[in-house]
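Peer 1: I'll drop the sequence and a predicted model, then ask my questions.
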Amino acid sequence: MLKNITNRYIHLLFIAVGIFLIQSCQTSDPVDFSTQIKPILNNKCITCHGGVKKNGGFSLLFESEAFANTKSGKPAIIPGDASNSEFIKRLHTDDPELRMPYEKPKLSDDEIEVLTRWIDEGAKWGEHWAYSLPEKIEIPKIASEAGFAPNTTTSFLQNNIDNFILARLESEQLTPNEPAEKNIIARRAALDITGLPPSLALLKEFENGNLSYENYIDSLLSKNTYGEKWATWWLDLARYADSKGYEKDQGRSIWKYRDWVIKAFNTNMQYDQFTIEQLAGDLLPDPSIDQLIATAFHRNTMNNDEGGTDDEEYRVATVIDRVNTTFSVWQSTTMECVQCHSHPYDPFTHKDYYNLMAYFNNTRDEDTPSETPVLKFYTPTQQKKVDKVLNWVTKYGNKETLKTYKDFLHFSEPVYKAHFFKEFKNSVYDDHASVVFWDDGNLIMENAYTNKANFVYLKYKSHYNGTKMTIRKDNADGEIVGEFIINKEKYTPVTQFPIKEIDEKTNLYIETQNNSVDKEVNILNLYWVGFIQDIPGKNQPGWKDINTEFVNTLNTTTVTVPILAENPEYMKRTTQVFDRGSFMTKTDTVEPGTPETLNGYNKEWPQNRLGLSKWIVDKKNPLTARTLVNRVWHQIFGRGLVSSIEDIGSQSDAPSHPALLDWLALRFMNENNWSIKALIKEIMLSGTYRQDSKSTPNMYLIDPENELYARGPRIRLGAEAIRDQALAVSGILSNKMYGPGVMPPQPDGVWQTVYNGSKWEESKGEDRYRRGVYTYLKRTSPYPSFLTFDAGSREVCTIRRTVTNTPLQALVTLNDPVFLEAAYQLAKKNEVVGDIKESIAAAYEKATYSKIQTSTLEALYELYDKSLIAFNEDPEGTSQFLHFDEKPTAELSALTIVANAIMNLDEFLTKG
């Protein structure tokens, strides 16, 4: 009897334990693919089983591949059955030839356990957080005490950003810093918004309480200097430069684009519109001049003018760069990986790349030295003639004809450029994008569409009189379409010649003849051939005058900027997949398309760059707003909420505050309506931003990178801002805006141009003291002091400037002529006659916006005293040191040394 009772109790105990275990399994959180599984796969498995390699026919990049049959004929992962999944078996085996990862350390027990649980739970794939749409975020509620002193919490919580930051600080048992002093936060905010220290008048209004902090921020955001500062950041992304790059690196007139960016920031252009205009402004209905200028974003690509290069190869290189740059700038995605193979870590296929490339492959630019198409900027007098022609076309034509003539007057497209001609005989394509014709020279122009035109337009340079050009259909025996005489010209005109009307695509045979010159003598350079429908209203009085005015206007010299223009349908290019990324090995033909991983493509959007730009700024795109928010945060705090600002993907760093990132992204798109100014203001108004930047040893030990934001940002200024601030505090900074790049002083012998003898011609007058954003940037020889302070050559898109700290930087600020002159002016304008210490204190406060400490004053006074002795002993040295002063004194020279030292202090070179 006792035995039966004991057995019954044991049986009940087993049942209870079983129920407990079942309940434990049911209540434990399921394995999360994004945060627990994907990092293991990316770090330990995908190198051999991903986009680059699929060893054993097994890939872990896409769900369909992970559960597909491998080379063994069976899947490696059987959802719900880890014990029979080869994927798990290979993690446990001791055989070095079978164990995975192959020839790498074995996975930890915890890693194997979580992978096993994941498969047993059904191997739910899931999405990485970056590719999921941000959902509505609840703002963390903070208890009044928040674990800190009540006054600390009250002063820190200034807007909703602080709730997210404080919640994380509380979880880490950290206390935020006290707010920074008014002078400190005023200088910090001014440098972040305008790139310059605040005016003394504005600072006093704020310090005296006559101006609230919010109104102070609004005042800074309203200044034109805001656009200049933030344009510098965007121009890094846009790889803006004043030269073409590559070996010749000749000049490029593209400064109109830089000015457009500055104006776009100052007018607070919505970021979605800012995006659309840069990617596809030319495709908008009846685009404005500004919208055409905006497309120069993608004409900042390099252009190779070196002799012997293949124009098509480098045209393709620019298209590839545009795909890569677009996804780097707007999607934080390393799409360049996908040119040669599917992405090794992120869910983008090799074919995706060429679907995207098809959007950019149909533009008119073709790597020619002229960089056409270039937008012309007519003078008021010239514009009257343009308007006269367009008014005539408007009166007698239709919308299509008007667009044709507007485009041809503005950027002379579409035309057939010389490098696409074929079958040269007694003619040759040269390195200047023209065909050289000799006597009896000829060639074939394939698939030409004459648009039913009665005229052909030629851009050429003729070296002799009496050259007869004959144009025939198909070949040398074909029907004559046009025949005319071309005479010698001093320049390179665009000229109109009569031809027969043709209403079909056809090959054209072009021949030149001039019996008055020797054989193999260059009689003519032909750059392009164009056909546009005739000006309407031929039967109306005044037509001939309008036609003449049109041709004359085509030959006017103007300021230009390279822009994007789309091929018409009859010149549309075909896009093919490049095998292993080589443009020489083309395979399948593809159409424009976007990655399925991201948001869907609206059928109402056109299949061109305009549609792509709308897809990018669609609110269902999970990356666009996150990318912008993260990078603006990085600009202000020195690190992003996702610290890997180049990459928001499965290999990126995890967000330090994921809920805050998504909350800001949603707010940016919705409440703030894509306003960058509103985003910057919200960050600036936060208590997180307003904190004192001082750090304690314990704080630094816990959070060396300030990832938790328990202190305010303390960051060295950027290259341009360091120079601009020096000029500003010394009172010599010019406020002149816009125009061609300027050439401020730089050391001799830095800049050399082999091909055209151009030199760094030092700017005069106020151009010598203009902001860094206007400094001429030659890619192969950037402005030295900017390069030393981590600015780049902008040959490619620069997402992040690598911040360095080298002795060369001190050598620049101590010896560069710009900083020397600024120090001289700072010393001279703050000199108090008869009181050197007061002079030093005034210069220090002017430079740093802080009162000088006694120890600092004594150290600088000692420097002054030693410098004065040296200059008194060497009067000639005084003249050499202050060579720009007619009668330099030893006292002013010594004070300049002190001012120069002040400009080398951390208090001057950093914000914080």
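Peer 2: Yes, it's here.
Peer 1: which SS class is the spatially closest residue to K829 that is not a sequence neighbour?
Peer 2: Of all residues not flanking K829 in the chain, G731 sits nearest, at 5.6 Å (C-beta to C-beta, 6 or more residues apart in numbering). C-betas here are computed from N, CA, C, even on glycine. Counting by DSSP: H, G, I helix; E, B strand; the rest coil, the backbone at G731 sits in coil.
Peer 1: a helix runs through K538, doesn't it?
Peer 2: No: under three-state DSSP, K538 sits outside any helix and is assigned coil.
Peer 1: how far away is it from F455?
Peer 2: 11 Å (C-beta to C-beta, to the nearest Å).
Peer 1: ditto for K417
Peer 2: From K417 over to F455 the distance is 19 Å, taken as C-beta to C-beta.
Peer 1: Neighbour count for the two, which is higher?
Peer 2: Regarding K417 and F455, a neighbour count based on other C-beta atoms under 10 Å identifies K417 as having more, with 25 against 21.
Peer 1: Which stretches in the stretch 601-750 of the chain count as strands?
Peer 2: Assigned by DSSP state E, counting those that start in this stretch, the strands in the stretch 601-750 of the chain fall at 715-716.
Peer 1: So, low pLDDT: which residues of it?
Peer 2: Residue ranges of the stretch 601-750 of the chain with pLDDT under 70: none are present.
Peer 1: mind listing what V898 touches?
Peer 2: For V898, the contact set (C-beta atoms under 8 Å, 6 or more residues apart in numbering) comprises A827, I840, A843, L860, L863, Y864, S867.
Peer 1: sec struct for T798, please.
Peer 2: coil.
Peer 1: Okay, it and E181: tell me how far apart.
Peer 2: Counting by C-beta to C-beta, the gap from T798 to E181 is 34 Å.
Peer 1: which of these two has more neighbours?
Peer 2: T798 (19 against 13).
Peer 1: I'd say that one and R239 touch.
Peer 2: Yes: assessed by C-beta atoms under 8 Å, T798 is found in contact with R239 at 7.0 Å.
Peer 1: Now do the contacts for N55.
Peer 2: N55 touches C48, H49, Y102, counting by C-beta under 8 Å, 6+ apart.
Peer 1: Of those, which is the nearest to Q746?
Peer 2: C48 (50.4 Å; C-beta to C-beta).
Peer 1: hang on, the closest one packs against R90?
Peer 2: No: contact criterion C-beta under 8 Å: C48 and R90 do not qualify, at 11.6 Å.
Peer 1: of those two, who's got more company?
Peer 2: Neighbour comparison, C48 and R90: the larger count goes to C48, with 19 against 16 (by other C-beta under 10 Å).
Peer 1: can you give me how far stretch 899-911 is from the chain middle?
Peer 2: From the chain centre to the centre of stretch 899-911 is a distance of 30 Å (C-alpha atoms, centre = their mean, to the nearest Å).
Peer 1: what does that stretch contact?
Peer 2: Outside stretch 899-911, the residues that reach it (C-beta under 8 Å, 6+ apart) are 187-188, 191-192, 713-717, 722, 725-726, 810, 813-814, 819-820, 822-824, 826-827, 830, 843-844, 847-848, 850, 860, 863.
Peer 1: Going through the residues you listed, which ones are buried?
Peer 2: Among these, those classed as buried by 16 or more other C-beta atoms under 10 Å are 187-188, 191-192, 713-717, 722, 725-726, 813, 819-820, 822-824, 826-827, 830, 843-844, 847-848, 860, 863.
Peer 1: Filter these down to the ones in strands?
Peer 2: I715, R716 (DSSP state E).
Peer 1: What are the contacting residues of the strand or helix carrying R472?
Peer 2: Using DSSP states H and E, R472 sits within strand 467-473. By C-beta under 8 Å, 6+ apart, the surrounding residues in contact with strand 467-473 are 437, 456, 478-487, 497, 499, 502, 506-514, 523-524.
Peer 1: For the strand with the most length in the chain, what does the pLDDT average out to?
Peer 2: Identified as the longest strand of the chain according to DSSP E is strand 435-449. Averaging the model's pLDDT scores along strand 435-449 yields 95.
Peer 1: name the helices or strands packed onto it?
Peer 2: strand 422-429, strand 505-513, strand 524-530 (3 or more C-beta pairs under 8 Å, 6 or more residues apart in numbering; DSSP states H and E).
Peer 1: Tell me the buried residues in it?
Peer 2: V435, V436, F437, W438, D439, G441, N442, L443, I444, M445, A448, Y449.
Peer 1: do you know how far the first one is from M571?
Peer 2: Just to be clear, that refers to V435. Taken as C-beta to C-beta, the span from V435 to M571 is 19 Å.
Peer 1: Next: the third one.
Peer 2: When C-beta to C-beta is applied, the distance between F437 and M571 equals 24 Å.
Peer 1: The last one now?
Peer 2: Look at Y449 and M571: by C-beta to C-beta, they are 8 Å apart.
Peer 1: and what of the fourth one?
Peer 2: Summarising the geometry, the distance separating W438 from M571, computed by C-beta to C-beta, is 29 Å.
Peer 1: N514: what's it in contact with?
Peer 2: By C-beta under 8 Å, 6+ apart, the neighbours of N514 are D439, Y464, G466, T467, K468, I523.
Peer 1: Over to P105?
Peer 2: Counted by C-beta under 8 Å, 6+ apart, P105 has zero contacts.
Peer 1: helix, strand or coil for it?
Peer 2: coil.
Peer 1: T401 contacts V393, correct?
Peer 2: Yes: contact criterion C-beta under 8 Å: T401 and V393 qualify, at 5.7 Å.
Peer 1: what about those two, which has more around it?
Peer 2: V393 (21 against 17).
Peer 1: Relative to E86, how far out is the nearest residue to G57 once chain neighbours are set aside?
Peer 2: The shortest distance from G57 to any non-neighbouring residue, by C-beta to C-beta, 6+ apart, is to K71 (3.8 Å). Between K71 and E86 the computed distance is 11 Å (C-beta to C-beta).
Peer 1: ok, those two, which is more surrounded?
Peer 2: E86 (18 against 10).
Peer 1: give the contact list for that one.
Peer 2: Per C-beta under 8 Å, 6+ apart, neighbours of E86: T70, S72, K74, A76.
Peer 1: so what's the backbone phi/psi at it?
Peer 2: phi -60, psi -30 (degrees, to the nearest 10).
Peer 1: E483: helix or strand, and which one exactly?
Peer 2: Assigned by DSSP H and E, E483 belongs to strand 480-486.
Peer 1: Repeat that for K89.
Peer 2: helix 86-92.
Peer 1: Kindly export that helix (C-alpha atoms) in PDB.
Peer 2: This file holds the C-alpha atoms of helix 86-92, laid out as PDB (Å, rounded to 0.1, in the frame of the first residue of the first chain):
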ATOM      1  CA  GLU A  86      22.800  19.600 -41.000                       C
ATOM      2  CA  PHE A  87      23.400  23.200 -40.100                       C
ATOM      3  CA  ILE A  88      23.400  22.400 -36.400                       C
ATOM      4  CA  LYS A  89      25.100  19.000 -36.700                       C
ATOM      5  CA  ARG A  90      28.100  20.700 -38.400                       C
ATOM      6  CA  LEU A  91      28.400  23.100 -35.400                       C
ATOM      7  CA  HIS A  92      28.800  20.100 -33.000                       C
END
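Peer 1: immediately after that helix, which helix or strand?
Peer 2: helix 109-120.
Peer 1: Check the average confidence over that following helix, would you?
Peer 2: 93.
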